[in-house]
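**Q** requesting a structural model of the entry that follows:
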Amino acid sequence: MNQQLSYFNQGRSGNILYKDEFGSIKLYYEFGGGDCVAIIFLPDYNEWSETWEKDTWNEVLAFIAKQVISDQAPDCHFRIGETSIEIFRK
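**A** Next comes the predicted model:
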């Protein structure tokens, strides 16, 4: 799967654009506080379910989390929840 991320920073928040051969989706993020470096807010089910199957969506989220850490937050780890991906300092 050809996956790409683009970042659009707007101070303490911004957007991440995810693209693959099936489609694209924009995710909003904010910088966190304390050990939380950033919170990437996940779209509702109806915003992605017509484009990606549930198993594929989980792979998309894992890619996004790993790529954000590689690109923007080395030495951090992530936690994927129901409504967000949280990036934490190790």
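**Q** any idea which helix or strand in the protein has the lowest mean pLDDT?
**A** Counting by mean pLDDT, DSSP states H and E, the weakest-scoring helix or strand in the chain turns out to be helix 45-48, with a mean of 92.
**Q** quick check: closest non-adjacent residue to Q72.
**A** Counting by C-beta to C-beta, 6 or more residues apart in numbering, Y7 is the residue found nearest to Q72 once chain neighbours are left out, at 7.1 Å. Placement of C-beta: from N, CA and C, glycine included.
**Q** so what strands line up beside the helix or strand containing the one you found?
**A** Mapping Y7 onto the secondary structure by DSSP states H and E places it in strand 4-9. With DSSP bridges as the criterion, the sheet partners recorded for strand 4-9 are strand 13-19 (antiparallel).
**Q** other SSEs contacting the next helix or strand after the strand it pairs with?
**A** The helix or strand immediately downstream of strand 13-19 is strand 24-31, counting by DSSP H and E. Using 3 or more C-beta pairs under 8 Å, 6 or more residues apart in numbering; DSSP states H and E as the contact test, the elements touching strand 24-31 are strand 13-19, strand 36-41.
**Q** check the offset of the shortest one from the chain's centre.
**A** Yep, that's strand 36-41 we're talking about. Averaging C-alpha positions (C-alpha atoms, centre = their mean, to the nearest Å) puts strand 36-41 9 Å from its chain's average.
**Q** can you tell me the SS state at the most far-flung residue of the chain relative to its centre?
**A** Within the chain, the residue lying farthest from the chain centre (C-alpha atoms, centre = their mean) is G34, at 19.6 Å. Reducing the assignment at G34 to three states with DSSP: H, G, I helix; E, B strand; the rest coil gives coil.
**Q** let me know the pLDDT of it.
**A** Among the per-residue scores, G34 shows a pLDDT of 95.
**Q** repeat that for K90.
**A** 88.
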